[in-house]
Structure formats: C-alpha cells, structure tokens
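A.B. asks: mind folding the following:
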Amino acid sequence: MSDALIIIPTYNEKENIEAILRAVFSLKKPFDVLVVDDNSPDKTAAIVADLQKEFPNNLFLENRKEKNGLGTAYIHGFQWAFQHQYEYIIQMDADFSHNPNDVPKLYEACKNNGFDVAIGSRYVNNQVNVVNWDMKRLLLSYFASKYVRFITRIPVNDTTAGFVCYKRKVLETIHLEKIKFVGYAFQIEMKFKAWKHKFNIKEISVIFTDRKLGKSKMDGSIIYEAIFGVIKMSLKGIR
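C.D. replies: Numbers count the residues shown, from 1 in each chain. Predicted coordinates for the structure are as follows:
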C-alpha cells in the first residue's frame, strides 16, 4: 500500500481512463488510485473494474448513483482516503489535462519540502502555461483567478486549479462537511480554507493541456457559482 492516494473523479471518461491509469502506474514512485465514478452512461466504471484485475492492490473504485458535482465526488474520495489511512491525497483529472509525470513533484513538495498543500499551477511568475485552450476560455480562467485573489486576498495565483496534493491533516482540519460549493468554486473554497487555517501552500509550475478526447463538464452554472460564491465566502470567512 502506498502512502499517497490519487483521486480521479469520472463521468463519461471511457476514452481516457485506461490510459491515465496506466500512466500513473508506470511512475517510479508507486501511487494508489481511487476512481470515483458518477454512474457514467458510457461504462467508464466497467473499464476500471476490468483493470482492477491487473492492479488489484493499487486501483480502487467507488460507484456513486448519480452525477452530484465535482466537489461531492472529491469529498467522497477524501473520506475514503481517511478510512484507509493515506497521508497524502492528490486530486487529478482523468483527461490528461494534468500530466501524470507532474504528480511526483506535488507529492515531494508535501512529503519532503515542508508544505501542507501543493498546487499544480498554470499561472506562476506571471506565466500562462496552458496548451490548446481557445482565447475565451483562457481569459476566463486567468481572470477568474485574479478576481478570486483580489476578493479574498489569498496569496495563490491559480486558485481554480484542480491538480492539488494535500497532507491528510489539512483535509481533516478544514471540516469537509462544511464545504459549500460543488462545482468550479469547490477548488477555490478548499484553498481558501487551507490558507485561513494557516497551512503552508506551494504553487508548482505545470503545463495544463486541454483534453483531446471526451467532453468538458464546465457549464454556466459552475461559473455563476464561482463568481458570486467567492464574494459570499470571503465575507463569511471561516467561523
């Protein structure tokens, strides 16, 4: 059993899931993987279940009955990680927008370099490391992070990043049952609460590459939640 768990939430990722899992399991450092699938109609979970025969000690699957949002999928995974005593818990997408080769960098930052949260950041040192996004989406993401930083004063450049490693103690401290957001703003709220609890956060420069296969899950309601939710979150802070 590894000391680190990668959580990959899925919904209709049959084109990517086997390849991303094989890429993770080919890393020099062994990582366990939990796939949290929201009853994908394309049978993503069946592909994972079949791969469990090949990786019985490292690949795990949690099937949820319906699609309830990215945030709830991750919280489900975090709670599973607590039950199985993992010390380092990593969020990663299934579509290769997060490069598996960068996973050890996030792990090392938390394991050996004294940080509590390591963020795979697209916007470090005023650089924009994004490949294959159209200009509209790129500007939306970039200025969303600028907006969040302005409103909340959090010292993080890529507040909406979904490629993150947490020490177990961070997730235990921020009270997952009180997380309010389920979409785009979930990533912001997690970082905001970790910062408010004075955990050490490190941004590590990575290159984000847009998916080549499958469809993006982003829609207007997710953006609405992020824009207005951040103001409410900042005003309330942490009680």
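A.B. asks: so where do the strands sit in the protein?
C.D. replies: Chain-ordered strands for the chain, with DSSP state E as the definition, fall at 4-10, 32-37, 59-63, 88-91, 117-121, 130-131, 164-167, 201-205, 208-209.
A.B. asks: output these as JSON lines; include the columns mean pLDDT and distance to F143.
C.D. replies: For glycine as for every other residue, the C-beta is placed from the backbone atoms N, C-alpha and C. Converted to JSON lines, these look like this (pLDDT from 0 to 100; distance: least, CB to CB, whole Å):
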{"stretch": "strand 4-10", "mean pLDDT": "97", "distance to F143": "26"}
{"stretch": "strand 32-37", "mean pLDDT": "98", "distance to F143": "30"}
{"stretch": "strand 59-63", "mean pLDDT": "97", "distance to F143": "35"}
{"stretch": "strand 88-91", "mean pLDDT": "98", "distance to F143": "23"}
{"stretch": "strand 117-121", "mean pLDDT": "96", "distance to F143": "16"}
{"stretch": "strand 130-131", "mean pLDDT": "68", "distance to F143": "13"}
{"stretch": "strand 164-167", "mean pLDDT": "98", "distance to F143": "21"}
{"stretch": "strand 201-205", "mean pLDDT": "96", "distance to F143": "18"}
{"stretch": "strand 208-209", "mean pLDDT": "83", "distance to F143": "16"}
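A.B. asks: can I get these in CSV with distance to A49?
C.D. replies: Output for the strands of the chain, formatted as CSV (distance: least, CB to CB, whole Å):
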stretch, distance to A49
strand 4-10, 12
strand 32-37, 9
strand 59-63, 6
strand 88-91, 22
strand 117-121, 28
strand 130-131, 32
strand 164-167, 26
strand 201-205, 33
strand 208-209, 28
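A.B. asks: okay, those in a markdown table with mean neighbour count and distance to H98 next?
C.D. replies: Listed next are these as a markdown table, based on neighbours: other CB atoms under 10 Å; distance: least, CB to CB, whole Å:
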| stretch | mean neighbour count | distance to H98 |
| --- | --- | --- |
| strand 4-10 | 25 | 9 |
| strand 32-37 | 24 | 13 |
| strand 59-63 | 18 | 18 |
| strand 88-91 | 24 | 9 |
| strand 117-121 | 26 | 6 |
| strand 130-131 | 14 | 12 |
| strand 164-167 | 25 | 10 |
| strand 201-205 | 18 | 12 |
| strand 208-209 | 20 | 7 |
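A.B. asks: low-confidence ranges, this structure, go.
C.D. replies: By pLDDT under 70, the low-scoring segments of the chain are 126, 128-142, 210-239.
A.B. asks: farthest residue from the center of this protein?
C.D. replies: Going by CA atoms, centre = their mean, the residue of the chain most distant from its centre is K53, 26.0 Å out.
A.B. asks: and the gap between it and I20?
C.D. replies: 18 Å (CB to CB, to the nearest Å).
A.B. asks: so which residues of the protein form helices?
C.D. replies: Using DSSP state H, the helices of the chain run over 17-25, 44-51, 70-83, 103-111, 135-152, 168-173, 184-196, 220-236.
A.B. asks: residue contacts, the residue nearest to A73 when sequence neighbours are not counted?
C.D. replies: Distances taken as CB to CB, 6 or more residues apart in numbering place P9 nearest to A73, at 3.8 Å, with adjacent residues excluded. By CB atoms under 8 Å, 6 or more residues apart in numbering, the residues touching P9 are V35, V36, D37, D38, L70, A73, Y74, G77, D93, A94.
A.B. asks: now swap in A4 and tell me
C.D. replies: K29, F31, D32, Y86, E87, Y88, I89, I90, Y107, K111, C165.
A.B. asks: ok, R64 next?
C.D. replies: V36, D37, D38, N39, A73, H76.
A.B. asks: in this structure the fifth one contacts L34, no?
C.D. replies: No - using CB atoms under 8 Å, A73 makes no contact with L34, being 10.3 Å away.
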